[in-house]
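Novice: Output the structure for:
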Amino acid sequence: MIGAIINLGNCLNLMEAESTPVLETAYSGLLQTTAKAEIKMPVNKDANRALDCAVIQYLHQSNLENEIAPYDTIRSSFDEGEKVYEGSTFTKRLHIEVCVINPAMILGYYLPRPVDRYNPYLKGAFNFSK
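Specialist: Take a look at the predicted model:
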């Protein structure tokens, strides 16, 4: 595991309601494009999010063609895994992911501490004791 300091920059933040119309428009455009080309729409299946990936790629290409500023990052939550308790909306694998498109947004990276817990494969390669 590695930690990072990331400037989100021009972020497509999928956790904000304002992003919904952006995705809907991109999906609609992708649907029209695939129908015109007579090819099948990608499908999400389990952890393989082929449709979501295609929608995002279509959005980026469309932005480039229309001279709209490209996104630096994309931020989204993922609700995965079993429920924490009966009736819960929380899941055991709920998490937030950031996709960095523009590498200049990565300001730095580091090994999280304690190193032995988060990076056990290092097997004592670092000694941080004082």
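
Novice: List the contacts of G3.
Specialist: By CB atoms under 8 Å, 6 or more residues apart in numbering, the contact list for G3 reads Y109, Y110, L111, P112. Bear in mind the C-beta positions are built from the backbone N, C-alpha and C, glycine included.

Novice: Reformat these into CSV and put pLDDT next to each item.
Specialist: Formatted as CSV, the contacts of G3 follow (pLDDT from 0 to 100):
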residue, pLDDT
Y109, 90
Y110, 87
L111, 80
P112, 78
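
Novice: I'd like those written out as a markdown table, with distance to N13 added.
Specialist: Formatted as a markdown table, the contacts of G3 follow (distance: CB to CB, whole Å):
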| residue | distance to N13 |
| --- | --- |
| Y109 | 22 |
| Y110 | 24 |
| L111 | 28 |
| P112 | 24 |
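
Novice: For those, which two are the farthest from each other?
Specialist: For the contacts of G3, the farthest-apart pair by CB to CB is Y109 and P112; their separation is 10.2 Å.

Novice: Now for the two: what residues contact both?
Specialist: In contact with both Y109 and P112: I2, G3, using CB under 8 Å, 6+ apart.

Novice: quick one: secondary structure of S76?
Specialist: strand (DSSP: H, G, I helix; E, B strand; the rest coil).

Novice: Find the nearest non-adjacent residue to it, please.
Specialist: L14 (3.9 Å; CB to CB, 6 or more residues apart in numbering).

Novice: Fine by me, thanks again.
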